[in-house]
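**Student:** sequence plus predicted model, see below.
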Amino acid sequence: MKKLPFQVYLDSTHQDLLDQLSAKLGLSKAQTVREAIRQLAYHFSGEEDPLAQLIGGLDDPGVPSDLSTRHDEYAVEPSRVRRVAERKQRKEKKV
């Protein structure tokens, strides 16, 4: 992507904030400004954070209890998640 020059004048307070934020993020000042613009645009777009949709998703009883340790196996064979979940649900019904 071609980058176009853009000039902005900052007072000393905003300059200090930009310096601090750039240092904290480990980004150049230009990268920090681009990231700030991207974040503001996303914030005002009205879109919901896609990660917010995941909250509580692992509380479902159908999620295998060993998902965190065997995630690679489940990623390669998603049907395995269903089989484990079905076995888990059958055991819970028996108890």
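**Tutor:** That came through fine. These numbers were taken from a predicted model, which means no experiment stands behind them. Residues are numbered from 1 along each chain as shown.
**Student:** quick one: the helices in the chain?
**Tutor:** Along the chain, counting by DSSP state H, helices occupy 12-25, 29-43, 71-76, 78-94.
**Student:** how about these, which one is nearest Lys3?
**Tutor:** Of all these, the one in closest proximity to Lys3, counting by CB to CB, is helix 29-43 (8.4 Å). (Each C-beta comes from the backbone N, C-alpha and C, glycine too.)
**Student:** please identify the buried residues of that closest one?
**Tutor:** Buried residues in helix 29-43, counted by 16 or more other CB atoms under 10 Å: Thr32, Val33.
**Student:** between that helix and helix 12-25, how many degrees?
**Tutor:** Here helix 29-43 runs at an angle of 90 degrees relative to helix 12-25 (axes from the mean of the first three to the mean of the last three CA atoms, to 10 degrees).
**Student:** give me the contact list for helix 29-43.
**Tutor:** With CB atoms under 8 Å, 6 or more residues apart in numbering as the test, helix 29-43 has contacts from Val8, Leu18, Asp19, Leu21, Ser22, Leu25, Leu27.
**Student:** could you rerun that using 6 Å?
**Tutor:** Contact with helix 29-43 is made by Leu18, Leu21, Ser22, Leu25, as judged by CB atoms under 6 Å, 6 or more residues apart in numbering.
**Student:** now swap in stretch 5-14 and tell me
**Tutor:** Around stretch 5-14, nothing counts as a contact under CB under 6 Å, 6+ apart.
**Student:** pull up the distance across that stretch, start to finish.
**Tutor:** End-to-end distance for stretch 5-14, by CA to CA, to the nearest Å: 20 Å.
**Student:** from the chain's centroid, how far away is that stretch?
**Tutor:** 30 Å (CA atoms, centre = their mean, to the nearest Å).
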